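Undergrad: I'd like to go over a predicted model; first the sequence, then the structure.
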Amino acid sequence: MDTAILMDIVKSGLVLGALYALMATGLSLVWTTLGIFNFAHGAFIALGAYLAWQFSSTDAWGLPMVPAIVLSSLVMFAVGALLHFLLVKPFERRQDIVLISVITTLAGAVILENGLQLIWGARSKQIPPLAQGAVDIGALSLGRSELLLIGLVLAILIGVGLFLRYSKPGRSMRAVAQNQDAAALLGLNVPLYFAMVFGLSALTAGLAGIFVGTIRFMSPSMGSEPLMKALIVVIFGGVARFSSPIYAALIIGQIEAFSVYFVGLYWAPAVLFFTMIVVLLIKPEGLFGKYQRTL
């Protein structure tokens with residue numbers, strides 16, 4: 001393997017890792033706060049991409065890309081909060097909330113995907129690239145769009161991390177994640193912060209969908225594969241800290257990129273699942289995980 005091929009694989013792994021980190025962050029937020037897995041997360045990814053296409057495409061509203069991304073993010077936050085109130089909140093006091101949430105969020109995913117097909121049709125669409133041209137860094141040639149994607153994902157993740165650590169709503173979310181009963185006794189509106197976490201999760205998923213839509217063709221079911229990869233990342237890395245899925249995503253991205261090169265696209269998912277199983281056998285709480293759940 002020559003240096004150019006190696007650098008190209010590493011570049012692909014970085015792009016995949018950045019996207020998986022953004023996808024997995026939202027899943028991790030919901031799990032650490034509500035203790036449930038949101039199967040509508042993949043539909044959130046697809047919805048974010050279609051909203052950005054609607055706002056930015058010359059075949060639709062034709063807004064500049066930056067306002068389109070901002071508007072899509074705001075809509076995604078509202079959709080996430082609304083779906084929490086519709087799909088999760090009515091069952092919060094049930095002992096079988098984990099099982100019920102699987103059913104309700106799966107139903108939400110099906111409804112959203114069918115809604116996307118009803119509104120925008122089944123024909124593939126694509127969002128224009130974030131930038132044109134390429135930048136040569138030694139033997140590595142990076143597209144400007146890829147560089148911008150990685151930089152934006154990094155900025156978003158840092159922003160979310162700072163929000164959770166230093167803002168009053170973010171600290172309240174962390175308090176609710178650590179101990180819901182104690183947070184309620186301190187006067188925090190726990191259902192409201194649950195909805196905010198769902199909204200933030202949908203927002204990050206929508207942003208991931210937008211970035212995926214700039215490099216791949218979009219379809220109403222485009223979130224199914226990213227949902228699986230995000231799940232692998234969350235399980236592989238653990239959810240003890242906000243940064244755990246991010247580190248795991250970067251590793252999974254490189255493993256997938258090298259797997260695609262050496263064993264082919266068809267077998268790459270099998271390699272990822274095998275890696276995840278090996279990690280769980282050695283460290284059941286995840287590679288970067290601890291036993292307690294907290295942001």
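TA: Here it is on my side, so go on. Numbering: from 1, shown residues only.
Undergrad: which one's the longest helix in this protein?
TA: What stands out as the longest helix in the chain, according to DSSP state H, is helix 3-34.
Undergrad: Which positions in that one come out as buried?
TA: 7-9, 11-34 (16 or more other C-beta atoms under 10 Å). For the C-beta atoms, the positions are set from N, CA and C on the backbone; glycine is no exception.
Undergrad: try stretch 223-239
TA: Applying 16+ other C-beta under 10 Å to stretch 223-239 flags 223, 226-227, 229-239 as buried.
Undergrad: How far off centre is stretch 160-178?
TA: Distance of stretch 160-178 from the chain centroid (C-alpha atoms, centre = their mean, to the nearest Å) equals 18 Å.
Undergrad: Could you tell me how many residues sit around Pro269?
TA: By the measure other C-beta atoms under 10 Å, the count of residues near Pro269 is 15.
Undergrad: cool, and Leu83?
TA: So Leu83, with other C-beta under 10 Å, has 25 neighbours.
Undergrad: surely it meets Ile111?
TA: No. Leu83 is beyond contact range of Ile111, at 9.5 Å (criterion: C-beta atoms under 8 Å).
Undergrad: where are the low-confidence patches of this protein?
TA: Along the chain, segments meeting pLDDT under 70 span 1, 138-140, 290-295.
Undergrad: I figured Thr204 hits Ala24, correct?
TA: No. Counting by C-beta under 8 Å, Thr204 stays clear of Ala24, with 9.1 Å between them.
Undergrad: Work out for me the element the closest residue to Phe91 other than its chain neighbours sits within.
TA: Using C-beta to C-beta, 6 or more residues apart in numbering and skipping residues adjacent in sequence, the residue nearest Phe91 is Ile100, 4.6 Å away. Using DSSP states H and E, Ile100 maps to helix 97-120.
Undergrad: strand partners of the helix or strand just after that helix, parallel vs antiparallel please.
TA: Counting by DSSP H and E, the next helix or strand C-terminal to helix 97-120 is strand 134-137. If you go by DSSP bridges, strand 134-137 pairs up with strand 140-143 (antiparallel).
Undergrad: if we look at the strand it pairs with, which residues are touching it?
TA: Contacts to strand 140-143, defined as C-beta atoms under 8 Å, 6 or more residues apart in numbering, come from residues Met7, Asp8, Val10, Lys11, Pro129, Ala131, Gly133, Ala134, Val135, Asp136.
Undergrad: again, only using 6 Å
TA: Met7, Ala134, Val135 (C-beta atoms under 6 Å, 6 or more residues apart in numbering).
Undergrad: isn't Thr33 right next to Ala175, touching?
TA: No. Here Thr33 does not reach Ala175: they are 10.2 Å apart, not a contact under C-beta atoms under 6 Å.
Undergrad: And the residue nearest to Phe91, how far from Gly35?
TA: For Ile100, the distance to Gly35 equals 12 Å [C-beta to C-beta, to the nearest Å].
Undergrad: cool, and Met228?
TA: Between Met228 and Gly35 the distance, using C-beta to C-beta, works out to 21 Å.
Undergrad: same deal with Ile119?
TA: Counting by C-beta to C-beta, the gap from Ile119 to Gly35 is 33 Å.
Undergrad: who's more crowded, these two?
TA: For Ile119 versus Gly35, neighbours defined as other C-beta under 10 Å are more numerous around Gly35 (13 against 10).
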